[in-house]
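K.L.:
Here's my sequence, what's the structure:
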Amino acid sequence: MEGILTHIANLGFPIVISVYLLVRIEGKLDQLTESINELSRAIVSMK
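P.N.:
Residues are numbered from 1 along each chain as shown. Take a look at the predicted model:
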């Protein structure tokens with residue numbers, strides 16, 4: 001039983017950190033996509 005708890009503790013932390021970072025990066029990617037689309041529209045309107 002103690003071995004199982006140790007494995008959960010060793011694996012649980014990296015999983016939580018990975019999920020947290022993926023959620024943060026997803027928001028940044030959405031902002032980046034919107035900025036690129038805005039830039040593309042600005043370039044098209046300059047032509």
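K.L.:
Tell me where the chain has helices.
P.N.:
2-46 (DSSP state H).
K.L.:
any weak-confidence spans in the chain?
P.N.:
Residue ranges of the chain with pLDDT under 70: none are present.
K.L.:
what about 80?
P.N.:
In the predicted model, the chain carries pLDDT under 80 at residues 1-2, 5, 8.
K.L.:
Alpha carbons of stretch 23-33, as PDB, please.
P.N.:
The C-alpha atoms that make up stretch 23-33 are tabulated as PDB, following Å, rounded to 0.1, in the frame of the first residue of the first chain:
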ATOM      1  CA  VAL A  23      -4.000  25.300 -19.800                       C
ATOM      2  CA  ARG A  24      -1.800  28.400 -19.600                       C
ATOM      3  CA  ILE A  25      -0.200  27.800 -23.000                       C
ATOM      4  CA  GLU A  26      -3.600  27.200 -24.600                       C
ATOM      5  CA  GLY A  27      -4.700  30.700 -23.600                       C
ATOM      6  CA  LYS A  28      -1.500  32.200 -24.900                       C
ATOM      7  CA  LEU A  29      -1.900  30.300 -28.200                       C
ATOM      8  CA  ASP A  30      -5.400  31.700 -28.600                       C
ATOM      9  CA  GLN A  31      -4.100  35.300 -28.100                       C
ATOM     10  CA  LEU A  32      -1.300  34.600 -30.600                       C
ATOM     11  CA  THR A  33      -3.700  33.300 -33.200                       C
END
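K.L.:
who touches that stretch?
P.N.:
The set of residues external to stretch 23-33 that reach it, using Cβ atoms under 8 Å, 6 or more residues apart in numbering, is empty. Backbone N, C-alpha and C define where each C-beta goes, glycine included.
K.L.:
again, but for stretch 39-47
P.N.:
Contacts for stretch 39-47 (Cβ under 8 Å, 6+ apart): none.
K.L.:
now it: how far from the chain's centre is it?
P.N.:
A distance of 28 Å separates the centroid of the chain from that of stretch 39-47, by Cα atoms, centre = their mean, to the nearest Å.
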